[in-house]
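> Turn this into a model:
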Amino acid sequence: MNAIARLGAIALEQFRGWGHAAFFFLELLRAVPASLRRFGLVVAQIHAIGNRSLVIILASGLAVGFVLALQMYYALVTYGAAESLGLIVNLALVRELSPVVTALLFAGRAGTSLTAEIGLMKAGEQLAAMELMAVDPKSRVLAPRLVGGIVSMPILCVLFSAIGILGAWVVAVMLIGVDAGNFWSIMQTQVDVWRDVGNGLVKAAVFGVICTVVALYQGYETEATPEGVAYATTRTVVISSLWILGMDFVLTAMMFSTP
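Below is the predicted model of the structure:
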């Protein structure tokens, strides 16, 4: 009975945490219109969140394009289907790899930065000082960062796809010797803008919401100590990654289950 009681207490605490996070998300959504009136804050956060993540996104996209083209060529040439290399690389990137890898990198770079920033503001009692001055920290501090994260993620995903396809072209055409016209033509005829590219961008936007909300929530609810801030940044990466991978399966099943 004691074990059952402990298990029930753990379950109730978990549900309580999920409910608190859901109310936090709704409060952030209500604060978004007010933050949009401070457009300069939103632009500054897009620069801080998106532009500063650009280097690792582009470098990773190029490396993924290199490796993907090499591996796919060796697999396809065995069956005499090397002409489909451009199509396979493009679909793998825009449908799956670009949104997921970009989101995971975003959680590791921008998510931890947001959590540490908000956590340090809480530890320094800056958020409490805003409340004393009748300034809502959610609309002044958190909501612009939420909008910045949601806007930045699809842009970073597009750049990841573009640089990944360019890297695949370098390996396939310039190193292996695949016909350049065939590489591009099959891609243009077989890739659907709305079904493939559009659904990839929808994934990226959803992942942007997940990563940013988790990062802001962990920073806002962290203990106001150095240890608490460090623990919150770790939780941000772990929770964001698990949510990204789980939602990726759900979104893929919804988007591509029918022909």
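> Distance check, residue 81 against residue 226.
Separation of residue 81 from residue 226 (C-beta to C-beta, to the nearest Å) stands at 56 Å. Backbone N, C-alpha and C define where each C-beta goes, glycine included.
> And for residue 83?
Separation of residue 83 from residue 226 (C-beta to C-beta): 57 Å.
> Of the two, which one has the most company?
More crowded of residue 83 and residue 226, by other C-beta atoms under 10 Å: residue 83, with 15 against 11.
> contacting residues for that one?
Applying C-beta atoms under 8 Å, 6 or more residues apart in numbering to residue 83 gives the contacts 178, 179, 182, 186.
> between those, which is closest to residue 61?
For these, the residue nearest residue 61 by C-beta to C-beta is residue 178; the value is 19.8 Å.
> and that closest one, what does it touch?
By C-beta under 8 Å, 6+ apart, residue 178 lies in contact with 73, 82, 83, 85, 86, 172.
> Filter the residues you listed down to the buried ones and hand me the ChimeraX line.
Listed next is the ChimeraX selection for buried residues among these, using 16 or more other C-beta atoms under 10 Å:
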select :73,82,85,86,172
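> Can you lay out the contacts of residue 178 as a markdown table showing secondary structure?
Conversion of the contacts of residue 178 to a markdown table gives the following (DSSP: H, G, I helix; E, B strand; the rest coil):
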| residue | secondary structure |
| --- | --- |
| 73 | helix |
| 82 | helix |
| 83 | helix |
| 85 | helix |
| 86 | helix |
| 172 | helix |
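> now, which of the contacts of residue 178 sits nearest residue 60?
When the contacts of residue 178 are ranked by distance to residue 60 (C-beta to C-beta), residue 172 comes first, at 18.9 Å.
> Against residue 85, how distant is the nearest residue to that closest one once chain neighbours are set aside?
Excluding its sequence neighbours, the residue lying closest to residue 172 (C-beta to C-beta, 6 or more residues apart in numbering) is residue 178, at 4.3 Å. According to C-beta to C-beta, residue 178 stands 6 Å off from residue 85.
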